[in-house]
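In: Mind folding the following:
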Amino acid sequence: MPSRKRTRGVLSPEALQEAETTVEPYDFANPNRLPRQILRALTNICEEAARDITRLLSDRDLTAPVVHFQEIRCARAETLAEELPRPTMVVILATAPVEGVGLLQMDLPVAFALLNHLLGGSEMKEAPQRGLSPLEHAALEELVDSILGSIRQAWEPACRLDFTVTQRTDALETLHFGDPKDWLLLMCFHLESPIATGDLRLAVPAAVTDHVSRSESRAAGQSAPPRGTAEQERQLKLLGDVCVEFTARLGPMALSLSALSAIEPEDVLILGPREENPVSLVSGDRYRLRGRLVAQGRRLAVQIAHRPGAKEERG
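Out: Residues are numbered from 1 along each chain as shown. As a prediction, the model looks like this:
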């Protein structure tokens, strides 16, 4: 925990404030720091989506369009709403099977250039300084649905997202965007072509990372090499459905009797550095595995660092 002063033992709320230490409840729904494996999988999905959108726009006879994947990050809905340009084109989405609300946002210079091309107009020198009319939204509807189809196809190996448009607007004050505190996974793309340059953003509920995590776990299990002899594998198959219950134990900490007797509700117990507080997975009276706490999607998990040998287990 960051602090400008050394803290040890039990700190009351007043002492924490004096030490300039900020204590906040752990937010299990905060996926702000994506695990490296999940981030890599999401990056692959977004790069595939960028290629698919590029092919889609090329098939529509747009002049040499190129869509680049820029970044992926998590943000609260209220933060994203503040970041969006005004005015802009926004499509609100339902994102089954993931509960929550998402959106597809397109910069207006891109939207007007695509609309002008679809309607057979001459090249635009400058985009109008206004939002899209209902008729212009309707004219772009089929193209937007096709872009969502390309993104859906890129996501399919990890999660079959079914995008359903619930609202089309460029007036952000009229957005029906769910809980402002909800976490969203934001994917940012940039389109470059002679007729348009601008950004395209897709936001989906951050719970989609759970689906990606399960997909990566299945892939890892399928590619894992076989271990042990044929007889060991046969025995493992026979015992494969037997469940073993484990208890996760954090590393020890010490308190004086006076500190222990002084503990009151909302006091904070300061643990040592992570390397001094490993997690042991215990079955019965023996520890079987040892590791450290990590985030997997929106859940806590244990990354295994040590598996004891037979002598250690008996000891």
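In: Tell me which stretches of this structure form helices.
Out: Ranges of helices in the chain, per DSSP state H, are 13-18, 36-59, 77-83, 108-118, 134-155, 208-223, 230-239, 257-261, 310-314.
In: The ones you listed into a markdown table, with extra columns for distance to Phe69 and mean neighbour count?
Out: From N, CA and C alone the C-beta is placed, and that goes for glycine too. Formatted as a markdown table, the helices of the chain follow (distance: least, C-beta to C-beta, whole Å; neighbours: other C-beta atoms under 10 Å):
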| stretch | distance to Phe69 | mean neighbour count |
| --- | --- | --- |
| helix 13-18 | 42 | 13 |
| helix 36-59 | 4 | 17 |
| helix 77-83 | 18 | 15 |
| helix 108-118 | 16 | 21 |
| helix 134-155 | 10 | 16 |
| helix 208-223 | 16 | 15 |
| helix 230-239 | 42 | 10 |
| helix 257-261 | 52 | 10 |
| helix 310-314 | 46 | 9 |
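In: Let me have the ones you listed in a markdown table, adding distance to Asp170 as columns.
Out: Below are the helices of the chain laid out as a markdown table (distance: least, C-beta to C-beta, whole Å):
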| stretch | distance to Asp170 |
| --- | --- |
| helix 13-18 | 45 |
| helix 36-59 | 21 |
| helix 77-83 | 13 |
| helix 108-118 | 7 |
| helix 134-155 | 8 |
| helix 208-223 | 26 |
| helix 230-239 | 59 |
| helix 257-261 | 59 |
| helix 310-314 | 64 |
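In: Format these as TSV; extra columns: mean pLDDT and distance to Thr164.
Out: Output for those, formatted as TSV (pLDDT from 0 to 100; distance: least, C-beta to C-beta, whole Å):
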stretch	mean pLDDT	distance to Thr164
helix 13-18	48	46
helix 36-59	91	18
helix 77-83	87	18
helix 108-118	88	21
helix 134-155	93	9
helix 208-223	75	15
helix 230-239	64	43
helix 257-261	82	55
helix 310-314	49	53
